[in-house]
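Colleague: Give the three-dimensional model of this entry:
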Amino acid sequence: MIFQTNRNNRTFFSGVGLRVALGLWVLGSCVGWYAQTAAAETATSFRAEVVRGVVSRGEMAVVRWTLETDTRYYSGLQFPSHRALRRKKTEQQDRQDAIYRAGKDPSTRYTWIFTVSYLALRDGAHTLRAATVRVKGKRYTTPPLRIEVKAAIDRAPSGPQLDLPAQIEPSGDFFLLPVISPQRAYVGQQITVSFYFFRRGTCSVAYAQLPRFEGFWVEEIFRARALATWKHRHLGDKEYAYTLVSRYALFALRDGELSLDSLALRINPQMNGDPSSEEIRRSPEQTVSILPHPSEEKPPQLQSQDVGRFHLSLALPSTPYRVGQSIPLQIRLQGIGNLKQINLPSLSLSSQLRQISARTEVSLSPQAAQIQGEIVRSLWLRAEKSGDYTIPALIWWAFDPWKKVYVRYATTPQSLSIQPALRAQVSALIKPSSAAFGKKPEHPLFSQRHPLWVLLFFCVVVVGVVLIAQWRRFQRERFVRAALEAQRQQQHDHYLHAKNLLVEWATTRKLPADPQGLSRIEATFHELLQALLLRPTRALTRDELQASLLRDPLGQTLHQDLQPLLQQCDLARFAPWPCPDAASHILHHLSSLVPRLPEEAPSPRPR
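Modeller: The predicted structure is shown next:
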């Protein structure tokens, strides 16, 4: 037995049982602590990640280096340089993470993130050398990184015609003039519509109705909030002031002759705020010719809005990953066209690579009234099995309206190496690694997933709970014993004090000769009763006190003298003093009570 009970009903630990229980507990705790420490503690790591690795000439390639360590000091940090990649900007972020572990003091993990932007100067595939850093005297390096630079995007041969036509026919003192470029376009090709307002004299202007452009996808490039910038031009023999009111980029959704809605302005020549003097001026309606895509050599997967000039790239960090880790992958489409309506095809991934999340962001940046920007699709993959995988090329077709040809865009295949997932090095703590000595692999018993480890963990928990419960019981019983001992000593002192007084009065046959003497006699009786009955008696009635005496074996013996004594004290309290009869009765009962009093007070009973 681990726990034994002695004759006094006091629990204590036996010698053999205590050693066995504590030995199992310490062994299990050490194994669990070492396993947890081996799995949680990581050494200093310095890794690199290509954020934007496929760019065009003149754009920025972005590389991110991450340093994680348990000290805040490092030295000798050097980033690679390249003749074809000029380093332009370096951003640094740092953070501190507090790590709490059972049985150990809190530790701090320091992380620095360095984001470096390189300006691409020459086309081709370039390799960035390893970055280096020193931490605690040890040198850490990252693997080389590959940056691919493509030729700059071919811009349109001629942008939208933004200048006013040479010949303008005025229609009154106030009129709107639409300028359309081009007049003929393919489905999905950008058509730029600019509305100019001409005036002679002053007037107040407000929008009355904006055009809807049915049959087009519309991107608003500019809309004037206040007509503050005016230019001047002579139309015939009259001078007009004109300004740009609004400009739109239209992408036709179907072919045919499509009409363009007019823009309506509310004009008040008198500028007095009187609605009766306002006039509505509308721009003349226009039509454009929309051509279908050529049917010759048209790819079947081409969508109507896949029109323009683009660059397609796929970026995959070169950092090795393990099973279960999240793998970021980024597909980027840059160029000129209706980017919000373009849907990129999906990647054909291996069945062991599972897509867990995806996000698509579209950013537009009109330049010279031409819609351009990029689509960034970010994917997060997770490998279910270790091994070497290949991310296949992503193929996408688009129509170039300036060259009138179909262009095939494709990314380069990417290789991906997945390593096995990390496990707690429990076997390394029990015995040396067998692989280091050229031996056979270790027995499956030392694998973290073996059922015996579950059984060991369960035994550790059970033994720990039993030890804690028994220790708490032992502490509680020790406290109860100490409290009972103090109570017994206090009752013993009260009993001896009361008994000595009673013996003195009975021996000398003299009671206190003052009116307060009866109160002292009664208090002494109650002190004696409290020590005998082990409970307060002053607040009890005579009936309750009699019942308590009859229930106690010792109280039954003393009942015949104690009860009359208390009654005599009550009668003498209200009798005129001195009262010799009351004193004689009290002394008579005292002479009979004192010989029967026990030598010591009874011990208190445990609760």
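Colleague: C-alpha only now, for contacts and for neighbours.
Modeller: Noted.
Colleague: A helix includes Leu456, no?
Modeller: Yes: when the secondary structure is assigned by DSSP: H, G, I helix; E, B strand; the rest coil, Leu456 falls within a helix.
Colleague: count of residues packed around it?
Modeller: The burial metric for Leu456, expressed as a neighbour count using other C-alpha atoms under 10 Å, is 16.
Colleague: now the closest residue to Phe174 other than its chain neighbours: how far from Ile267?
Modeller: Excluding its sequence neighbours, the residue lying closest to Phe174 (C-alpha to C-alpha, 6 or more residues apart in numbering) is Arg199, at 4.5 Å. Relative to Ile267, Arg199 is positioned 10 Å away (C-alpha to C-alpha, to the nearest Å).
Colleague: Please enumerate the helices of this protein.
Modeller: With DSSP state H, the ranges of helices along the chain come out as 15-40, 426-430, 451-508, 517-533, 542-551, 553-574, 580-593.
Colleague: Lowest-scoring secondary structure element of the protein by mean pLDDT?
Modeller: Here the helix or strand of the chain ranked lowest by mean pLDDT, DSSP states H and E is helix 426-430, holding a mean of 36.
Colleague: how close does the residue nearest to His311 when sequence neighbours are not counted get to Phe310?
Modeller: Across the structure, with C-alpha to C-alpha, 6+ apart as the measure, the residue nearest His311 apart from its sequence neighbours is Gln334 (5.2 Å). As judged by C-alpha to C-alpha, Gln334 and Phe310 stand 5 Å apart.
Colleague: for Lys238, same thing?
Modeller: Here the distance between Lys238 and Phe310 works out to 46 Å (C-alpha to C-alpha).
Colleague: higher neighbour count, these two?
Modeller: The neighbour count for Lys238 versus Phe310, taken as other C-alpha under 10 Å, is higher for Phe310 (23 against 10).
Colleague: neighbours of the nearest residue to the more buried one once chain neighbours are set aside, just the number please.
Modeller: With C-alpha to C-alpha, 6+ apart as the criterion, Phe310 has its nearest non-adjacent residue at 4.0 Å, and that residue is Gly335. Residue neighbour count, defined by other C-alpha under 10 Å, stands at 21 for Gly335.
Colleague: Same question for Val376.
Modeller: If you count neighbours by other C-alpha under 10 Å, Val376 ends up with 17.
Colleague: For it, list the residues it contacts.
Modeller: Val376 makes contacts with 330-333, 360-362, as judged by C-alpha atoms under 8 Å, 6 or more residues apart in numbering.
Colleague: rerun at 6 Å
Modeller: Contact partners of Val376, counting by C-alpha atoms under 6 Å, 6 or more residues apart in numbering, are 331-332, 360-361.
Colleague: Distance-wise, check it relative to Thr287.
Modeller: Where Thr287 is concerned, Val376 sits at a distance of 35 Å (C-alpha to C-alpha).
Colleague: go on, Ser318?
Modeller: In this structure, Ser318 and Thr287 are 53 Å apart, going by C-alpha to C-alpha.
Colleague: just Gly76 next, same as before
Modeller: Plainly put, Gly76 is 67 Å away from Thr287 if you go by C-alpha to C-alpha.
Colleague: Same drill for the two, tell me which one is more crowded.
Modeller: Between Gly76 and Thr287, Thr287 has the larger neighbour count (other C-alpha under 10 Å), namely 14 against 11.
Colleague: Can you tell me how far the closest residue to that one other than its chain neighbours is from Gln355?
Modeller: Nearest residue to Thr287 in three dimensions, chain neighbours excluded: Ser259, at 4.2 Å (C-alpha to C-alpha, 6+ apart). When distance is defined by C-alpha to C-alpha, Ser259 is 45 Å away from Gln355.
Colleague: for Phe479, same thing?
Modeller: Between Phe479 and Gln355 the computed distance is 62 Å (C-alpha to C-alpha).
Colleague: Same check on Phe174?
Modeller: Taking C-alpha to C-alpha as the measure, Phe174 and Gln355 are separated by 60 Å.
Colleague: Looking at these two, which one has more neighbours?
Modeller: Phe174 (21 against 15).
Colleague: Isn't that one up against Phe197?
Modeller: No: between Phe174 and Phe197 there is no contact under C-alpha atoms under 6 Å: 7.4 Å.
Colleague: and Phe222, how many neighbours does it have?
Modeller: Burial measure for Phe222: 15 neighbouring residues, criterion other C-alpha under 10 Å.
Colleague: repeat for Val179
Modeller: Neighbours of Val179 under the rule other C-alpha under 10 Å: 19.
Colleague: Which residue comes closest to it once chain neighbours are left out?
Modeller: Ser194 (5.1 Å).
Colleague: residue contacts, the one you found?
Modeller: Contacts for Ser194 (C-alpha under 6 Å, 6+ apart) come out as 178-179, 246-247.
Colleague: For Leu364, see how far away the residue nearest to His311 is.
Modeller: Between Gln334 and Leu364 the distance is 10 Å, computed by C-alpha to C-alpha.
Colleague: quick one: common contacting residues for these two?
Modeller: Common neighbours of Gln334 and Leu364, counting by C-alpha under 6 Å, 6+ apart, are Gly373.
Colleague: the more surrounded of the two?
Modeller: Set side by side, Gln334 and Leu364 show more neighbours around Gln334, with 22 against 19, by other C-alpha under 10 Å.
Colleague: Check that one and give its pLDDT.
Modeller: Reading off the per-residue confidence, Gln334 sits at a pLDDT of 88.
Colleague: quick one: contacts for His232?
Modeller: Shown here is His232, whose contacts under the criterion C-alpha under 6 Å, 6+ apart are 240-241.
Colleague: do the same with the one 5 residues further on
Modeller: Taking C-alpha under 6 Å, 6+ apart as the contact definition, Asp237 lies against nothing.
Colleague: what does Arg332 give?
Modeller: Taking C-alpha under 6 Å, 6+ apart as the definition, contacts of Arg332 comprise 312-313, 375-376.
Colleague: If you drop the residues flanking it in sequence, what lies closest to it?
Modeller: If you skip the residues right next to it in sequence, Arg332 has Val376 as its closest partner in space, 4.6 Å away by C-alpha to C-alpha, 6+ apart.
Colleague: quick one on the thing from earlier: I'd like the contacts of Val376 written out as TSV, with distance to Ile418 added.
Modeller: Below are the contacts of Val376 laid out as TSV (distance: C-alpha to C-alpha, whole Å):
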residue	distance to Ile418
Ile331	20
Arg332	24
Thr360	26
Glu361	28
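Colleague: What subset of those residues is buried?
Modeller: By neighbour count, with 16 or more other C-alpha atoms under 10 Å, those hold 331-332 as buried.
Colleague: What about the contacts of Val376, which are in strands?
Modeller: Residues of those located in strands (DSSP state E): 331-332, 360-361.
Colleague: Tell me the bridge partners for Thr390.
Modeller: When bridges are taken as DSSP bridges, the partners of Thr390 come out as Ser415.
Colleague: scratch that, Arg247
Modeller: Counting by DSSP bridges, Arg247 is bridged to Ser194, Phe222.
Colleague: what do you get for Thr69?
Modeller: When bridges are called by DSSP bridges, Thr69 pairs up with Tyr110.
Colleague: Does it touch Thr44 like I think?
Modeller: Yes: under the criterion of C-alpha under 6 Å, Thr69 is in contact with Thr44, at a separation of 4.5 Å.
Colleague: returning to that earlier point: compare the mean pLDDT across the helices of the chain and name the weakest.
Modeller: Going by mean pLDDT, the lowest-scoring of those is helix 426-430, which has a mean of 36.
Colleague: If I look at Glu219, what pLDDT would I see?
Modeller: Per-residue pLDDT puts Glu219 at 92.
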